[in-house]
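1. got a structure for you, letters missing:
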């Protein structure tokens, strides 16, 4: 792009924007995309609740000032908390998770975001596993095993082909060569790792084309049940429903409105919980 169309200098713009994909079926089947996605299943709108577009935008315009104010208050709170925010484990979208965690205590108890985000990622990974025949076959093969499997891509392809059945083997979704299977495994490795199955390629000498599959580790105990939901907050005229509470490394701070100082009004945030 030429600046002002008047000179020979190029101006470079660096921007990052989220991409919204809309569809009816679970069309995100590539594991690497699934691990970067936030799938949301929207509820159908009953006929008696449908609104004309003009009415919808009129209602939005009436709420726009408070929505903007709430978002700006959340950003202010996030900037204040970001230097003190730490995550025990960083997901693939690490900066997004850290920033959202820094902002969350303006609206919800600490840990609410990561609890929801982790559940969302688990759901996305589950859909990716079910949507990919190779990943699903590997999961079935390694479930219940206590020792790793070691062999070549050719041996693994023969083993999986005999296990999945003729209909899947004849489909276009099934790899027909060891090289194709190896490529599919490399794509599936991040998702398999999320469900506890580790894939290691290569070795030394004649074993450089080998594949090693490590089974999931045995779970040491049952997860703790979630805490009951807290009552809804009402900030800046909008309702915020509070979810589960999980401790994080953020410093302990009382919720806005309970500190008895001027900063309480500064951190008054509002948002709607869909």
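-> That came through fine. In this text the structure is predicted, and so the values were computed from the model without any measurement.

2. Can you tell me the centre-most residue of this protein?
-> Centroid-nearest residue in the chain: residue 121, 3.9 Å away (criterion: C-alpha atoms, centre = their mean).

3. what sits against that one?
-> For residue 121, the contact set (C-beta atoms under 8 Å, 6 or more residues apart in numbering) comprises 35, 91, 194. For glycine as for every other residue, the C-beta is placed from the backbone atoms N, C-alpha and C.

4. Same check on residue 123?
-> residue 39.

5. swap in the one 10 residues further on?
-> When contacts are counted by C-beta under 8 Å, 6+ apart, residue 133 is found next to 164, 168, 171, 173, 174.

6. Tell me, how many residues neighbour the closest residue to residue 198 other than its chain neighbours?
-> Counting by C-beta to C-beta, 6 or more residues apart in numbering, residue 198 lies nearest to residue 214, which is 4.1 Å off, once chain neighbours are set aside. A total of 18 residues lie near residue 214 under the criterion other C-beta atoms under 10 Å.

7. thinking again about what came up before, which one of the contacts of residue 121 is nearest residue 151?
-> When those are ranked by distance to residue 151 (C-beta to C-beta), residue 194 comes first, at 23.2 Å.

8. I'd say that closest one and residue 126 touch.
-> No - look at residue 194 against residue 126 with C-beta atoms under 8 Å: they stay out of range, at 9.5 Å.

9. more crowded one of those two?
-> Comparing residue 194 with residue 126 by neighbour count (other C-beta under 10 Å), the higher total belongs to residue 194, at 20 against 15.

10. Need the pLDDT of residue 217.
-> pLDDT for residue 217: 73.

11. how close does the closest residue to it other than its chain neighbours sit to residue 215?
-> Distance criterion C-beta to C-beta, 6+ apart; nearest residue to residue 217, sequence neighbours excluded, is residue 196 at 6.1 Å. Look at residue 196 and residue 215: by C-beta to C-beta, to the nearest Å, they are 8 Å apart.

12. And residue 125, by the same measure?
-> Residue 125 sits 17 Å away from residue 215, going by C-beta to C-beta.

13. and what of residue 60?
-> 51 Å.

14. Between the two, which is the more surrounded one?
-> Comparing residue 60 with residue 215 by neighbour count (other C-beta under 10 Å), the higher total belongs to residue 215, at 17 against 10.

15. Please verify my assumption that that one contacts residue 146.
-> Yes - Residue 215 is within contact range of residue 146, at 6.4 Å (criterion: C-beta under 8 Å).

16. Low-confidence bits of the stretch 151-274 of the chain, can you list those?
-> The stretch 151-274 of the chain contains residues with pLDDT under 70 at 203-208, 218-274.

17. what mean pLDDT does the longest helix seen in the chain have?
-> Longest helix in the chain, counting residues (DSSP state H): helix 53-81. The pLDDT scores in helix 53-81 average 96.

18. Show me what that helix is packed against.
-> Secondary-structure packing of helix 53-81 (3 or more C-beta pairs under 8 Å, 6 or more residues apart in numbering; DSSP states H and E): helix 94-104, strand 238-240.

19. pLDDT on the longest one, on average?
-> Think helix 94-104. Helix 94-104 comes out at a mean pLDDT of 94.

20. what helices or strands is it leaning on?
-> Under the contact definition 3+ C-beta pairs under 8 Å, 6+ apart, helix 94-104 sits against helix 53-81, helix 112-131.

21. now the first one, how far from the chain's geometric center?
-> For helix 53-81, the distance between its averaged C-alpha position and the chain's averaged C-alpha position is 24 Å (C-alpha atoms, centre = their mean, to the nearest Å).

22. likewise the last one?
-> The chain centroid and the centroid of helix 112-131 are separated by 6 Å under C-alpha atoms, centre = their mean.
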